[in-house]
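> got a sequence here, can you model it:
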Amino acid sequence: MSIKTLEERAGEMAGDFMRRLEAVTEALTHTSRPPAELSLSVRHLPDVRLRRDIARLRSGVLQPRDPSVKACALADDLEKELACRLLSRQILAQVAYIHDLLSSEMESVSASMRENALAAFEALNDLPEARDTTTALSASVRQLHRLLHDEQGRSKRKGRPAATSD
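Numbering: from 1, shown residues only. Predicted coordinates:
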């Protein structure tokens, strides 16, 4: 990948990220928060149960435990709780998408850089100066070879069967 291609790709990704963040910000500003005094036990109920309770509160089948609280007001608060849950799931999905996209892009760039570095190493290794132990190029090639060996480990010997564990 060339530098220009990387810059173009980074610009596209930044634009995509900004659009996603703006959408999340917009949703955050328009979603009303449930009251803080909403019972913690309600916050642990599944969404299906909350929707069912909302419908039962609105129809009058279910009444709040506290007689000073109106059923419609409690149903509104529960709907706010559901909206916040949905928004949090959307935010987590956006963050997961951005994470996956950045991870794959970093892996792609890393693989490209590695290929270029290996090609440069092989080209340097083929030069006659690389075989002369008194040159600085030879010392650099040996250092690169050590780094490559440390990263990849020992090469497998040809003709020997792979060790199997019983």
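
> wait, residue 91 touches residue 24, no?
Yes: at 5.5 Å, residue 91 counts as touching residue 24 under the criterion of CB atoms under 8 Å. Where you see a C-beta, it was placed from the backbone N, CA and C, and this is true even at glycine.

> which residue ranges of this protein form helices?
Here the chain has its helices, by DSSP state H, at 3-30, 40-43, 47-59, 71-126, 136-152.

> how about residues contacting the helix or strand bottoming out on mean pLDDT in the chain?
Every helix and strand of the chain was ranked by mean pLDDT, DSSP states H and E. The lowest is helix 40-43, at a mean of 76. Contact partners of helix 40-43, identified using CB atoms under 8 Å, 6 or more residues apart in numbering, comprise 50, 78, 81.

> just give the number of residues close to the first one.
Using other CB atoms under 10 Å, residue 50 has 18 neighbouring residues.

> the chain should start at 600 in everything you say after this.
Okay, using 600 as the starting number, the last item reads as residue 649.

> quick one: contacts for it?
Contact analysis of residue 649 by CB under 8 Å, 6+ apart lists 641, 677, 680, 681.

> from those residues, which two are the most distant?
Across those, the longest distance by CB to CB is 10.5 Å; it joins 641 and 681.

> just to revisit the earlier point, residue 664 is nearest to which of the helices of the chain?
helix 670-725 (9.6 Å).
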